[in-house]
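> Need coordinates for the following:
(2 chains)
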Amino acid sequence: MNETKGERRTAGALDRRSLLAGAAGASGALVAAAARAEEPAIPAELPDWSRYLGPGVDDEPYGKPSKHEAHVVRRNVEWLTASTESSINFTPLPWLNGIITPNGVFFERHHGGRAEIDPSAHRLLVHGLVDKPFVYTIEDLKRLPCEDRIWFLECAANGGMEWRGAQLNGCQFVRGMVGCAQWTGVRLKTLLERSGLKPNAKWVLAEGADASALTRSFPIEKALDDAFVAYAQNGEALRPGQGYPLRLILPGWEANMSVKWLRRIEVGDAPWYTRWETSKYTDLLPSGKAYKFTWVQEANSVVTWPAPEHKIDGPGEYMIRGLAWSGRGRIVRVDLTFDGGKNWVTAPLQEPILPKALTRFYYPWRWDGSSVIVASRAIDETGYVQPTIAQLRNARGRNSIYHNNAIVTWLVNSSGEVENVQVA
Amino acid sequence: MSRSREFFLALALGAALALPAAAGEKPIGRVPTAEDIARWDIDVRPDGLGLPPGRGTAKEGEEIYLARCAQCHGEFGEAVGRWPQLVGGQGSLTWDDPIKTVTSYWPYATTVFDYIKRAMPFGDAQSLTDDEVYAITAFLLASDGIIAEDFVVDAKTLPAIRMPNADGFIDDPRPDVPKGEPCMKDCVAEVVITGHARKIGVTPEEKARPATD
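Numbering: from 1, shown residues only, chains lettered A, B, ... in the order given. Down below sits the predicted model:
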């Protein structure tokens, strides 16, 4: 049996060599199709897993993906930051399906490393301009009215490396600072109403218990609207990298504000201007001025197949796959182009289409083997249209780092390879 | 049974949470003492709210800075490797490669105190005394001449220090891109590819990718 397998491997290698040799004279796709046709449609050998017993139910109390999916992992870009403790990794979007990001591959951004918190030693303090401050344990919070809500979280710097031009050749790196989950927890409003707001309560500060004690402030209107204190994500307790045992969620706003390892909520009458809302997370313009309090994540989208991580294996029928989202509400439309933006068609959206959540689009497509330039464009319920990179640069220059939600463009060449490009 | 369920529902709908806990019930949450709150309430605002007692000067700060900060940020705040540069860069914000530092970019001196106190030194947070944080703050501000070497930084003087980029920020005006129904047909005459990520060659694992899915 092993010998047979070995022979087959040799034969495959020969095919690949002849494919390379013949690529100049014949269409590579045709040769590849011929090589495939030599193998039977159903493998000749009965595989081991059909003959021998697999492991029982007790070998893996917490399951993992198949070892054949080992490439579907978060990745970081080493040269981006000085240390991995204050850095970011990227969700492997090109290999994921649906709108829910699995907890194990949800992107992480830490400012002082991933805090490993003992929940019995964790507290949430609510104080400031309130009638009655409170300290809650996690068990206390679980006794309060709870909700399940599906929202995306997106780092303000998603796409940030592309301001000056196409730089990273991967869907994961170009748009992977985003994830979407079903969160379980308590509305912040519930906690604020229990404490009672003073009449001059205008701003709220949230603080993390990690080694950066990250703080962000936001207006009381957001706190009383959809701000959320989550203890669970996709059915299980938050992962440590997502703020276990407690995090804030400010739906639709830059995820830096969704403070992880949440330990303190302070109500005040003015913004705090913390390091993360002055030095960072402000958008520098060519004039030298900078936008501040740029909270909302504007409409965005990306084609996840084809993508630079995938090579199209010959002409034929395929499904274009992609994701769209908007921090202002629901996605109402996604358009696709195959000629770099000359002409557009509208792609059907997949249910559910939820506000401030990832939304899926699929589009059946026939690739004829020629070079095409694929891109998607999202439109949200406010009528906002995802801009081109030229439009964004026209408004903000090239040094604003954050909030690059420009249309992402993939060049598919005639051998089916996909590259991140920018077009004008 | 069904009546008690109705009662429970009515209670839930009618803000059951606002009701005081009956005697003997386990309360939800505890009311902290002022001392409890003070243990965690370390934030500082531009108007000085939250600044603790204490003081420091740049002269005092230099020695502490060299011992606790310089290994990442450099002896003069110029940065080591990719760690943040802290001073310099004034006037650079309009450049093609702006240098955003504490002294060139940060709008409020109070934020410097707040951030150092809560998060620095990186990996040994909240280990500095309030006097040390005041002194390091003074050292950084004096490095670029925002204050004098012997200027005493404390809860009263720090909020009054005017940072060079204090007026550098404007409220978010977005959406700041064209509105209206997007074009669907013959939108551009010619598509020009202006950038290729492959040519940059900085993508992790790019060469190790499988040939196909």
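> switch to C-alpha atoms for all contacts and neighbour counts from now on
Noted.
> Would you list the phi and psi of A:P219?
phi -70, psi 150 (degrees, to the nearest 10).
> out of everything not next to it in sequence, what's closest to it?
Once flanking residues are discounted, A:P219 sits nearest to A:W203: 4.4 Å by C-alpha to C-alpha, 6 or more residues apart in numbering or on different chains.
> beta partners of the one you found?
A:P219, A:G268 (DSSP bridges).
> which residues in chain A form helices?
Using DSSP state H, the helices found in chain A span residues A:2-22, A:28-38, A:138-142, A:171-175, A:188-195, A:220-224, A:389-396.
> Oh, that last question was meant for chain B, not what I typed.
B:2-13, B:34-40, B:58-68, B:70-73, B:102-105, B:109-119, B:130-143, B:197-200.
> among those helices, which is the most enclosed?
Mean neighbour count (mean count of other C-alpha atoms under 10 Å in any protein chain shown) peaks for helix B:102-105 among these, with a mean of 28.
> near chain A at all, it?
Yes. With C-alpha under 8 Å from any C-alpha of the partner chain as the criterion, chain A is reached by helix B:102-105 at B:V102, B:Y105.
> returning to what we had before: was I right about the residue nearest to A:P219 contacting A:I265?
No. Taking C-alpha atoms under 8 Å as the definition, A:W203 is not a contact partner of A:I265, at 10.4 Å.
> Please identify which of the two sits among more neighbours.
The residue with more neighbours, out of A:W203 and A:I265, is A:I265; 25 against 20, by other C-alpha atoms under 10 Å in any protein chain shown.
> Chain A versus the most centrally placed residue in chain B, what's the distance?
By C-alpha atoms, centre = their mean, the mean C-alpha position of chain B lies nearest to B:Y115, the distance being 6.8 Å. Applying C-alpha to the nearest C-alpha, to the nearest Å, the value for B:Y115 to chain A is 6 Å.
> Please name the nearest non-neighbouring residue to that residue.
A:R275 (6.3 Å).
> shouldn't the one you found be in contact with B:T111?
Yes. The pair formed by A:R275 and B:T111 meets the contact definition of C-alpha under 8 Å, at 6.0 Å.
> Establish whether stretch B:36-54 and chain A are in contact.
Yes. Using C-alpha under 8 Å from any C-alpha, stretch B:36-54 reaches chain A at B:I37, B:V44, B:R45, B:P46.
> Mind checking which of the residues you listed are in strands?
Using DSSP state E, no member of the residues of stretch B:36-54 next to chain A sits in strands.
> who wins for most neighbours among the residues you listed?
Most neighbours among the residues of stretch B:36-54 next to chain A, by other C-alpha under 10 Å: B:V44, with 23 neighbours.
> While we're on that residue, how confident is the model there?
pLDDT, B:V44: 98.
> show me the contacts for it.
Listed by C-alpha atoms under 8 Å, 6 or more residues apart in numbering or on different chains, the contact set of B:V44 reads A:W272, B:G50, B:L51, B:T110, B:T111, B:F113, B:D114.
> same check, this time on B:E75
B:E75 neighbours (C-alpha under 8 Å, 6+ apart): B:L66.
> So, low pLDDT: which residues of the chain?
Going with chain A. Scanning chain A for pLDDT under 70 picks out the ranges A:1-37.
> think we crossed wires, I meant chain B
Low-confidence segments of chain B, defined by pLDDT under 70: B:1-21, B:208-213.
> 90 - rerun?
Confidence mapping of chain B against pLDDT under 90 gives the ranges B:1-24, B:205-213.
> Restricting to C-alpha, output stretch B:105-124 in CSV.
C-alpha atoms of stretch B:105-124 as CSV (Å, rounded to 0.1, in the frame of the first residue of the first chain):
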residue,chain,number,x,y,z
TYR,B,105,1.4,65.9,18.8
TRP,B,106,-0.1,65.4,22.2
PRO,B,107,-2.6,68.2,23.0
TYR,B,108,-2.6,68.0,26.8
ALA,B,109,0.2,67.7,29.3
THR,B,110,-2.1,65.9,31.8
THR,B,111,-2.4,62.9,29.4
VAL,B,112,1.4,62.4,29.8
PHE,B,113,1.1,62.1,33.5
ASP,B,114,-2.0,59.9,33.2
TYR,B,115,-0.4,57.5,30.7
ILE,B,116,2.9,57.2,32.5
LYS,B,117,1.2,56.6,35.8
ARG,B,118,-1.1,53.9,34.5
ALA,B,119,1.0,52.0,31.9
MET,B,120,4.7,52.8,32.3
PRO,B,121,7.3,51.4,32.5
PHE,B,122,6.1,48.9,29.9
GLY,B,123,6.0,45.6,31.7
ASP,B,124,6.2,47.2,35.2
